[in-house]
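>>> Here is a sequence with its predicted model. Questions after.
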Amino acid sequence: MALLTERISLERHTGAEHQGLREDGTRHVLPDLAYKRLFVVNVAFFGNPEGYESWVLIDAGVPGTLVNLKEAASRRFGGRAPSAIVLTHAHPDHVGCLAGLSELWQVPIYAHPLEHAFLRGEATYPSPDPSAGGGLLSRASLARDWRPLEDNGLLQALPEDGSVPFMPGWRWLHTPGHSAGHISLWRESDRTLYSGDAILTTSQRSAYAVTTGDLELSGPPRALTENWSQAVQSVAKLAALQPELILSSHGRAVRGEAMRQGLARLVATFRGD
């Protein structure tokens with residue numbers, strides 16, 4: 001199996017954070033969207049912290065970061081529990097704190113049905129392929145302890161009509177490849193894309209590159225991507241949206257014309273078989 005993955009470097013001016021790191025430990029992207037980096041993975045918070053409306057957690061971090069995640073959420077939203085948790089997929093670095101958060105908040109958890117068996121511990125993902133590159137980082141994330149969800153009725157399928165519960169104006173898009181049930185989130189009104197792992201905005205080539213977080217567009221991590229052909233199609237699908245802003249699960253938020261030009265170059269050079 002061969003794959004040519006082009007990595008498109010971005011200039012610093014494409015970064016989309018405002019006001020830097022906030023007191024609650026999050027980085028502000030839009031009035032109703034912020035994220036927090038937990039180890040090397042982002043979780044996102046949708047909802048205006050200045051108001052009293054509901055909010056939603058997107059993804060649930062790596063194992064061992066539950067205290068940090070809860071503290072950031074509590075400080076940002078005044079101790080209010082979210083209305084729901086929405087998952088891009090069920091890899092352990094995205095659901096590491098999910099069982100603990102579910103016990104704490106007792107709120108609905110939405111994911112694509114193809115991810116449910118993994119979330120309940122009834123199935124396991126294929127082993128990482130270290131020959132594909134990036135295998136050590138991928139294995140480290142998979143090897144961390146995590147607990148599957150209990151069968152308490154909170155896990156639900158995302159609506160078939162593409163809407164996202166408690167996130168008005170947003171749609172979920174099926175973007176398979178990295179995993180069969182991977183999704184991304186899209187808001188047409190301001191062309192904001194939460195890409196999950198379908199498109200990354202930082203290099204995954206080494207531990208140092210991941211830590212420094214240099215701006216770079218690429219497809220999903222090769223060692224953990226199940227279907228290259230689908231991954232290529234998902235990158236093209238998201239690039240065709242012509243987003244104004246992208247927040248991914250790994251890396252900083254990026255925006256603007258230079259970012260879109262980078263996406264076009266990525267689509268032109270990202271190939272798989």
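Right, received. Where do you want to start?
>>> Tell me the secondary structure of the residue nearest to Val41 when sequence neighbours are not counted, please.
In space, and not counting its chain neighbours, Val41 is closest to Asp93: 4.9 Å by Cβ to Cβ, 6 or more residues apart in numbering. Yep, even glycine has a C-beta here, placed from its N, CA and C like the rest. Classification of Asp93 using DSSP: H, G, I helix; E, B strand; the rest coil returns helix.
>>> Near Asp93, how many other residues are there?
For Asp93, the number of neighbouring residues by other Cβ atoms under 10 Å comes to 27.
>>> Then Tyr52?
A count of neighbours around Tyr52, defined by other Cβ under 10 Å, yields 10.
>>> what do you get for the one 10 residues further on?
Counted with other Cβ under 10 Å, the neighbours of Val62 add up to 24.
>>> wait, doesn't Met167 sit right on Tyr194?
No - between Met167 and Tyr194 there is no contact under Cβ atoms under 8 Å: 9.9 Å.
>>> between these two, who's got more neighbours?
Neighbour totals were compared for Met167 and Tyr194, and Tyr194 leads with 31 against 23 (other Cβ under 10 Å).
>>> need the contact list for that one.
Ala44, Ile58, Thr88, Ser184, Leu185, Trp186, Ile246, Leu247, Ser248 (Cβ atoms under 8 Å, 6 or more residues apart in numbering).
>>> Can you point out the helix or strand that includes it?
Using DSSP states H and E, Tyr194 falls within strand 192-196.
>>> can you tell me which of the contacts of Tyr194 are in helices?
Nothing among the contacts of Tyr194 maps onto helices, per DSSP state H.
>>> Trp172: which of these is nearest?
Leu185 (5.8 Å; Cβ to Cβ).
>>> re the thing from before, and the strand holding Tyr194, how far from the chain's centre?
Distance, stretch centre to chain centre, for strand 192-196: 7 Å (Cα atoms, centre = their mean, to the nearest Å).
>>> looking at it, Leu247 is touching Tyr35, isn't it?
Yes - the criterion here is Cβ under 8 Å, and Leu247 meets it with Tyr35 at 6.1 Å.
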